[in-house]
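In: 3D, please:
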Amino acid sequence: MNTRLTLAYQSESLSKTLDVILAGRITQPEVNTIADTLTMDGRLISPQVDLPSPLEEALKNGEISQYTDRDHVWTSLADWRDVTPVAEELHTTEPATTSLTPQRLVEQAATERWNLVKEQNRLDLPEFDLEKLTTEIVVDPPRQAPANQEPPVLTSYA
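Out: Numbering: from 1, shown residues only. Sure thing, here's the model as predicted:
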């Protein structure tokens, strides 16, 4: 038994999903740990936890010719977008597409602080134009903001 993750990327210039099959079966405590490490809208910086980036895949496959100032480093875990998924719903009998295990993913996610600048520099992305983004990018937990408080949003790279 393995674990299917659907990685999703959304910007004004690109919408792409990518399925990854991890080697091994994820448990509910591991699903919950991942949920605790994601931004409020279920995002992470996928290469920082050894997952592929749908944005990079789109460039590599010729779906886009270059990165634009509307692109960003965030990847959504589609199953975590609105709720924490049930582990069994992520299980599959399909063969693994990566040697990454759910346990290793959890270890990395639990110790990683999402480093926006490092990833933007690694990809050599153009300067981020926040005015042109169509969605907010939330950068820090808590997973849910109190009802009377707006969630924190990225306002600069400095």
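
In: report the buried residues of the lowest-mean-pLDDT helix or strand in the chain.
Out: Least confident element among the helices and strands of the chain, by mean pLDDT, DSSP states H and E: helix 116-123 (a mean of 90). By neighbour count with 16 or more other Cβ atoms under 10 Å, helix 116-123 contains the buried residues Leu116, Glu119, Gln120, Leu123. All C-beta spots, glycine's among them, are computed from the backbone N, C-alpha and C.

In: which residue ranges form the strands in the protein?
Out: 2-10, 15-22, 43-44, 75-77, 91-92 (DSSP state E).

In: sheet partners, orientation included, of the longest one?
Out: The strands beside strand 2-10 in its sheet (DSSP bridges) come out as strand 15-22 (antiparallel), strand 75-77 (antiparallel), strand 91-92 (antiparallel).

In: which of those sits most buried?
Out: Comparing these by mean neighbour count (mean count of other Cβ atoms under 10 Å), strand 75-77 ranks first with a mean of 24.

In: other residues contacting it?
Out: Residues outside strand 75-77 that contact it (Cβ atoms under 8 Å, 6 or more residues apart in numbering): 5-10, 34, 38, 41-46, 51, 53-55.

In: again with stretch 80-100
Out: Contacts of stretch 80-100 (Cβ under 8 Å, 6+ apart): 1-5, 8, 19-28, 30-32, 34-35, 38, 41-42, 50-52, 79.

In: try it again at 6 Å.
Out: With Cβ atoms under 6 Å, 6 or more residues apart in numbering as the test, stretch 80-100 has contacts from 1-4, 20-23, 25-28, 31, 35, 38, 42, 50, 79.

In: equivalent analysis for stretch 2-21, please.
Out: 22, 26, 54-55, 57-58, 64, 68, 70-71, 75-76, 78, 90, 92, 94, 96-98, 102, 134.
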